[in-house]
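Student: got a predicted structure plus its sequence, pasted below:
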Amino acid sequence: MRRRTALHLLGAALLLTGLLGMAAPVRAEGGERKMVVVVNRDNPVANITLDDLRDLYFGKRRFWAHGERIQVADLVESKLPEEKSAFAHFAARFLGKEIDAVKSYWIKIIFSGAGQPPKQLRSAAEVIDFVAASEGGVGYLYADDVTPAVKVVAVSRPEE
């Protein structure tokens, strides 16, 4: 029953989107919104390996190859249940972790004095502003939220 209701709501949302003359959200396989990694437009990086991305987000790498200090942002949407947030989607898809494991990791790092977690931002607009204003900025967004203020980088997986 929930699936049918969700499908009806999705259909209504798509119909409303079409009626308003707006593009429908970019969807990945399985109906999920496609998530992308973004950096400052002046960052020369065009792609990043999944391992390097994990190192950035877990504070194991602090500078880009071109010397700029890495400044990481998390998209933590307060209006959604945490398990349905962009943060949960990113943690699962790119970090290979559940959100509780990511939180536990950062609690240990903070209390050991070994680093600080990514800056938590509440909206795509805040992530875009942060990354655009920080030469070493990196964050993630749903593809349909990207603006020309930031640059999307390709994330290569080990099998690619």
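Tutor: Noted; the coordinates are in hand. Numbers count the residues shown, from 1 in each chain.
Student: ok, now which ones touch the spatially most central residue of the chain?
Tutor: Using Cα atoms, centre = their mean, the residue of the chain that lies closest to the mean C-alpha position is residue 140, 2.4 Å off. By Cβ atoms under 8 Å, 6 or more residues apart in numbering, the contact set of residue 140 is 35, 36, 37, 38, 74, 75, 86, 90, 94, 127. All C-beta atoms are positioned from the backbone trio N, CA, C, and that covers glycine.
Student: now the strand or helix carrying it: mean pLDDT?
Tutor: Element membership for residue 140, per DSSP states H and E: strand 137-142. For strand 137-142, the mean pLDDT works out to 97.
Student: mind listing the strands for the protein?
Tutor: For the chain, strands defined by DSSP state E occupy the ranges 35-40, 47-49, 71-75, 119-121, 137-142, 150-156.
Student: and residue 101, which of those is closest to it?
Tutor: Across the strands of the chain, residue 101 has its closest neighbour in strand 71-75 (14.3 Å, Cβ to Cβ).
Student: packing partners of the closest one?
Tutor: For strand 71-75, the elements it packs on are helix 86-90, strand 119-121, helix 124-133, strand 137-142, judged by 3 or more Cβ pairs under 8 Å, 6 or more residues apart in numbering; DSSP states H and E.
Student: pick the most buried one from the ones you listed.
Tutor: strand 137-142 (a mean of 25; mean count of other Cβ atoms under 10 Å).
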